[in-house]
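# Starting from these lines, generate the structure:
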Amino acid sequence: MDVFDAPARLFKVLGNPARLAILDVLRDGEQCVCHIEAVLGLRQAYISQHLMLLREAGLVADRRDGLNIFYRVDDPGLFRVIDAALPDARRKSDGRARARRPACDCPKCQPAAVPPILVEAKYRVHRKTG
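Numbers count the residues shown, from 1 in each chain. As a prediction, this is how the structure comes out:
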């Protein structure tokens, strides 16, 4: 039965709708936590808990850039596993559903719109109160 331990752990991690939604956001490439928060409408602490589990399972990697932490899926083959479980209608509309996502005011979404010093101040305040 040892041969099934690793796949069972993978499916256990993937068995949560919030983690699947986070991975769906990461389908578009590397994203900061604040962007995932804006897209999903979930609290930062809740997202961070799920990202920690995804990272511990080896499904996502992270990097820090100043005050922002960016996450990415290292193995795009993971999306084939997820897509296999999705209904055909969801797979066909996938690109259109992601195109309607709201943009946030993170440095990746708005690189020139907000001076960096204001972005840093906002996230510093957000972290103290959030």
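# give me the beta-bridge partners of the spatially closest residue to R63 that is not a sequence neighbour?
Closest residue in space to R63, ignoring its immediate chain neighbours: F70 at 5.3 Å, by CB to CB, 6 or more residues apart in numbering. In short, each C-beta sits where N, CA and C put it, glycine included. Beta bridges link F70 to C32, R63, judged by DSSP bridges.
# wait, what's in contact with F70?
Contact partners of F70, counting by CB atoms under 8 Å, 6 or more residues apart in numbering, are 30-32, 62-64, 108.
# 7 Å - rerun?
30-32, 62-63 (CB atoms under 7 Å, 6 or more residues apart in numbering).
# Just the buried residues from those residues, in PyMOL please.
Buried residues among the contacts of F70 (16 or more other CB atoms under 10 Å), as a PyMOL selection:
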select buried, resi 31+32
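# which two of the contacts of F70 lie the greatest distance from each other?
Largest separation among the contacts of F70 by CB to CB: Q31 and R63, giving 11.6 Å.
# So I47 is in contact with Q31, correct?
No: assessed by CB atoms under 7 Å, I47 is found out of contact with Q31, at 10.5 Å.
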